[in-house]
Structures are given as structure tokens and as C-alpha cells.
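Asker: Mind looking at a prediction? Sequence and model below.
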Amino acid sequence: MIATAKDIVQNCGVPRLLFVDFPLGNPCGVPFDINMQSDILESALGLLETAEQSGDTTVAPYVWPEGEAWKETIFTSEQPFLEGEAYDNWMAAKQRYRNQKKEER
């Protein structure tokens with residue numbers, strides 16, 4: 001799999017992962033950059049030959065050309081789009097899910 005959300009994809013247990021540290025929606029590279037897209041695809045296909053065990057992750061050696069400011073809008077300690085009661089409801093739902101998972105073990 002080629003993905004930009006490494007923690008989520010690894011949690012799903014994919015057999016092989018090529019992680020591309022790019023904004024969501026751009027796992028195969030910068031739009032219209034055919035050379036980069038081809039390189040990323042070749043790297044992903046190469047994992048079929050080189051991965052030694054299930055769950056292997058390879059990090060693609062690319063940097064988003066417009067910098068890393070995009071990360072500031074996603075990697076925050078709180079839900080940036082929720083406020084007040086909506087945020088409280090979100091946190092309560094997360095806790096219910098955690099409790100449910102504990103009970104299933």
C-alpha cells in the first residue's frame with residue numbers, strides 16, 4: 001500500500017507499506033509530477049520483492065516541495081474544527097470506544 005497516514009495504515013495491519021510524508025490525498029506524489037509519481041510507484045512495487053516480513057514499512061525519500069506547513073493544520077493536540085459541546089461529545093465518544101475495546105479483550 002502507498003499511504004500518507006502511516007499510523008492509521010500500520011494499525012490496520014497491511015502487509016507492506018510505502019509511507020509518503022505528504023498531505024492527505026497525495027500518496028503518489030505532487031500532482032502532475034510524472035517522474036516523482038513513477039518513482040513512488042516503482043518503490044511500492046519494489047516492496048513486493050524486498051519486504052522481508054509482513055508489516056514492513058518503507059519511507060519514501062521525498063519532501064513536499066511547498067514545505068511542511070500543512071502539518072500544522074493536522075497534527076494538533078485537540079480537534080481544531082470542534083468547539084464547546086461538539087468537542088466534549090467527540091471526547092466522550094472516544095472514551096466509550098476505548099472502554100468497549102477494553103471489555104472485548
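Answerer: That came in fine, so what should we check first? Numbering: from 1, shown residues only.
Asker: residue ranges with poor pLDDT in this structure?
Answerer: By pLDDT under 70, the weakly predicted segments of the chain are 73-82, 105.
Asker: Quick one: the helices in it, in order.
Answerer: Counting by DSSP state H, one finds helices in the chain at the ranges 6-12, 34-50, 84-104.
Asker: Those helices: which one's closest to residue 20?
Answerer: Closest to residue 20 of the helices of the chain is helix 34-50 (C-beta to C-beta; 6.2 Å). For glycine as for every other residue, the C-beta is placed from the backbone atoms N, C-alpha and C.
Asker: Flag every buried residue along that closest one.
Answerer: 36-37, 39-40, 43-44, 47 (16 or more other C-beta atoms under 10 Å).
Asker: one step back: output the helices of the chain in CSV, with distance to residue 72 appended to each entry.
Answerer: Listed next are the helices of the chain as CSV, based on distance: least, C-beta to C-beta, whole Å:
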stretch, distance to residue 72
helix 6-12, 18
helix 34-50, 23
helix 84-104, 19
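Asker: quick one, which of those is nearest to residue 22?
Answerer: Going by C-beta to C-beta, the one of the helices of the chain nearest residue 22 is helix 34-50, 9.4 Å.
Asker: Which elements pack onto that closest one?
Answerer: strand 2-3, strand 16-19, strand 56-59 (3 or more C-beta pairs under 8 Å, 6 or more residues apart in numbering; DSSP states H and E).
Asker: CA atoms only for that helix, dumped as CSV, please.
Answerer: In CSV, the C-alpha atoms belonging to helix 34-50 read as follows (Å, rounded to 0.1, in the frame of the first residue of the first chain):
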residue,chain,number,x,y,z
ILE,A,34,5.1,12.3,-13.5
ASN,A,35,8.7,11.5,-12.6
MET,A,36,8.1,11.6,-8.9
GLN,A,37,4.8,9.6,-9.3
SER,A,38,6.6,7.0,-11.3
ASP,A,39,9.4,6.7,-8.8
ILE,A,40,6.9,6.3,-5.9
LEU,A,41,5.0,3.6,-7.8
GLU,A,42,8.3,1.8,-8.6
SER,A,43,9.3,1.9,-5.0
ALA,A,44,6.0,0.5,-3.9
LEU,A,45,6.2,-2.4,-6.4
GLY,A,46,9.7,-3.0,-5.3
LEU,A,47,8.4,-3.8,-1.8
LEU,A,48,6.9,-6.9,-3.3
GLU,A,49,10.4,-8.2,-3.8
THR,A,50,12.3,-6.7,-0.9
